[in-house]
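Novice: Would you be able to build a 3D model of this:
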Amino acid sequence: MAKQSITVDDIDGTQDAKTIEFAFDGDSYEIDLAAHNVNKLHDALAPFIEAARKQPKTKGARPARSRNTESKDVREWAAKNGHDVPARGRIPQSVMDAYNAR
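Specialist: Below is the predicted model:
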């Protein structure tokens, strides 16, 4: 059996709302708004958006790690444990799986 969801405006309870995502002061928000409240939000923010500088979308920061050290450790472990691994280049996934399973 099919299910149908109705999204309701978080401000006034109007049906057929859509989810709006925005960020302010370093925090991200999400609110469900019907068309008339989306327009109010756009109108309220318009002068600030027009004067603002748009920032590029970024992904979360990745932790820094030394791939050379990790590769060196994997190659040493593989050699000691009878795995055939090239001295340079990509380490086979089967060797990485065995190393991670140790």
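
Novice: CA only for contacts and neighbour counts going forward, please
Specialist: Will do.

Novice: Can you list the low-confidence ranges for this structure?
Specialist: By pLDDT under 70, the weakly predicted segments of the chain are 60-69.

Novice: The residue nearest to the spatial centre of it in helix, strand or coil?
Specialist: With distances taken as Cα atoms, centre = their mean, Lys59 lies nearest the centre of the chain, 5.8 Å away. Following DSSP: H, G, I helix; E, B strand; the rest coil, Lys59 is assigned to coil.

Novice: again, but for Ile31
Specialist: Applying three-state DSSP: Ile31 is strand.

Novice: What residues are bridge-paired with it?
Specialist: Ile20 (DSSP bridges).

Novice: tally of neighbours for it?
Specialist: Neighbour count for Ile31, taken as other Cα atoms under 10 Å: 15.

Novice: Contacts only, for it.
Specialist: The contact partners of Ile31, by Cα atoms under 8 Å, 6 or more residues apart in numbering, come to 10, 19-21.

Novice: if we take these, which one ends up nearest to Arg88?
Specialist: Using Cα to Cα, Glu21 is the member of those that lies nearest Arg88, at 45.8 Å.

Novice: and the gap between the residue lying closest to that closest one once chain neighbours are set aside and Lys80?
Specialist: Leaving aside its chain neighbours, Glu21 sits nearest to Glu30 (4.3 Å; criterion: Cα to Cα, 6 or more residues apart in numbering). With distances taken as Cα to Cα, to the nearest Å, Glu30 is found 53 Å from Lys80.

Novice: Also Asp16?
Specialist: Look at Asp16 and Lys80: by Cα to Cα, they are 63 Å apart.

Novice: These two: which is more packed in?
Specialist: Per other Cα under 10 Å, whichever of Asp16 and Lys80 has more neighbours is Asp16, with 14 against 9.
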